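Undergrad: Turn this into a structure:
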Amino acid sequence: MKLLKTGFSDAYLNMGIDEALMRTCQEPVLRLYGWKPHAVSIGYFQGLEEEVDLDACKRHGVDVVRRVTGGGAVYHADELTYSFVTRQFGGNILDSYRDICAGILLGLKKIGVDGQFAPLNDLIVNGKKFSGNAQTRRGGVLLQHGTILLSVDVDRMFDLLKVPSEKMKGKLISDVKQRVIGIGKSFGDVERAVADGFEEHYGMNLEPMGVSEEQLGLAYTFAGKYRSDEWLGMR
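TA: Numbering: from 1, shown residues only. Okay, here's the model as predicted:
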């Protein structure tokens, strides 16, 4: 199993690297990364105009990108994001979510975060969500990626995402503040903890890797796709 730390990149390159790993890796790869600038990602099946306030994102310098995975809109700010790419997986989606998330939970427990898996694809601590995860399977390869919230700015999130009506906005903000939490740890501590958790959970050493010339070329090619109006506005 390989470990790839790519630091902070923009939304388009982040998604491009994940897709390049799907296309090229023969061994399982755990990738750990962040977002600079901050970004909103929407699920593959979502409508852009219905989910995102594009003018607000532009004002705040926030990238907007469509993922290859499903799920809802996510504001990526103070968080660690992971992706896991593997050709070795079973057929049951719930079991694969549970298995991969077990490595994350095991690592976080080492730094004092006693979280639990909440089906289908969330992680919670003290009853509040701190991680959402999404998955796709293509060409015999599984890609799962997800957020681990370090802190949460719910007000900013609702500046960037659209709500059914302004009348409901205050209630929605209050509701999310009750249900979502950051774990209050540093990026570096969580990065180390997740890697340790995967090593222990899967019983193998994580071998550090870099991005090859081929993978980097593919990543930039895919980043161009993710940046394009055709991809972003496809639904």
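
Undergrad: Go ahead and name everything in contact with the helix or strand of the chain with the lowest mean pLDDT.
TA: When each helix and strand of the chain is scored by mean pLDDT, DSSP states H and E, helix 166-179 comes last, with a mean of 88. Applying C-beta atoms under 8 Å, 6 or more residues apart in numbering, the contact partners of helix 166-179 are 128-129, 152, 154-155, 157-158, 163. All C-beta spots, glycine's among them, are computed from the backbone N, C-alpha and C.

Undergrad: can you redo those residues as JSON lines with neighbour count, secondary structure and pLDDT?
TA: Rendered in JSON lines, the data for the contacts of helix 166-179 read as follows (neighbours: other C-beta atoms under 10 Å; DSSP: H, G, I helix; E, B strand; the rest coil; pLDDT from 0 to 100):
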{"residue": "K128", "neighbour count": "16", "secondary structure": "strand", "pLDDT": "98"}
{"residue": "K129", "neighbour count": "18", "secondary structure": "strand", "pLDDT": "98"}
{"residue": "V152", "neighbour count": "21", "secondary structure": "coil", "pLDDT": "97"}
{"residue": "V154", "neighbour count": "17", "secondary structure": "helix", "pLDDT": "95"}
{"residue": "D155", "neighbour count": "10", "secondary structure": "helix", "pLDDT": "95"}
{"residue": "M157", "neighbour count": "17", "secondary structure": "helix", "pLDDT": "96"}
{"residue": "F158", "neighbour count": "18", "secondary structure": "helix", "pLDDT": "94"}
{"residue": "V163", "neighbour count": "14", "secondary structure": "coil", "pLDDT": "85"}
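
Undergrad: Tell me the one among those nearest to G139.
TA: Nearest to G139, judged by C-beta to C-beta, of the contacts of helix 166-179 is K129 at 31.1 Å.

Undergrad: quick revisit: starting at the chain centroid, how far to the least confident helix or strand of the chain?
TA: How far helix 166-179 lies from its chain's middle: 23 Å, per C-alpha atoms, centre = their mean, to the nearest Å.

Undergrad: Cool, thanks, signing off.
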